[in-house]
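> any chance you could fold what I've pasted below:
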Amino acid sequence: MRKSKFTERQMMAVLAEGEAGVPVAEVCRKHGISSATFYQWKSKYAGMSVSELKRVKELEAENARLKRMYAELALENAAIKDVLSRKL
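Model prediction:
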């Protein structure tokens, strides 16, 4: 998973600026992000505190790790079943 160049605190500060009434285009220009990124952050993290955002990021990383583990085990299981079916 690609690491963001923005910390959780910075993301929350950008979102807070947008909620304070500053035009989105100006906020994006100031922080060097696209409007798509701003709206993606807003849809994902609006209403969260910094600690909640950190926890969500940790859970997303753990979920990605578990998905990779499952995919590897499923592939291995399919290969074993294939070998066993050929022996019969």
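> so residue 48 sits against residue 56, correct?
Yes: applying C-beta atoms under 8 Å, one finds residue 48 in contact with residue 56, separated by 7.1 Å. C-beta coordinates here come from the backbone N, C-alpha and C atoms, glycine included.
> which parts of the protein belong to which domain?
With domains defined by the TED database, the chain comprises 1-48, 49-87.
> any idea which of the ones you listed is most buried?
domain 1-48 (a mean of 13; mean count of other C-beta atoms under 10 Å).
> and that domain, what's its mean pLDDT?
The pLDDT scores in domain 1-48 average 90.
> what's the answer for stretch 74-82, then?
95.
> I'd like to know which elements the host helix or strand of residue 72 is packed against.
Assigned by DSSP states H and E, residue 72 belongs to helix 50-87. The contact analysis (3 or more C-beta pairs under 8 Å, 6 or more residues apart in numbering; DSSP states H and E) places helix 50-87 against helix 8-19.
> tell me which residues are up against the helix it packs on.
4, 6, 24, 27, 30-31, 33, 38, 41-42, 45-46, 48-50, 53-54, 57 (C-beta atoms under 8 Å, 6 or more residues apart in numbering).
> could I get the CA-only coordinates of the helix or strand following it as CSV?
Per DSSP H and E, the first helix or strand lying C-terminal to helix 8-19 is helix 24-31. Coordinates of each C-alpha in helix 24-31 appear next as CSV, following Å, rounded to 0.1, in the frame of the first residue of the first chain:
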residue,chain,number,x,y,z
VAL,A,24,-11.9,24.1,-2.2
ALA,A,25,-9.8,25.3,-5.1
GLU,A,26,-7.8,27.6,-2.8
VAL,A,27,-7.3,24.9,-0.2
CYS,A,28,-6.1,22.4,-2.9
ARG,A,29,-3.7,24.9,-4.4
LYS,A,30,-2.3,25.9,-1.0
HIS,A,31,-1.6,22.3,0.0
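> and helix 24-31, how far out from the chain's middle?
Between the centre of helix 24-31 and the centre of its chain there are 22 Å (C-alpha atoms, centre = their mean, to the nearest Å).
> check stretch 27-41 too.
16 Å.
> what's the span of it, first residue to last?
13 Å (C-alpha to C-alpha, to the nearest Å).
> stretch 28-39 now?
End-to-end for stretch 28-39, by C-alpha to C-alpha: 10 Å.
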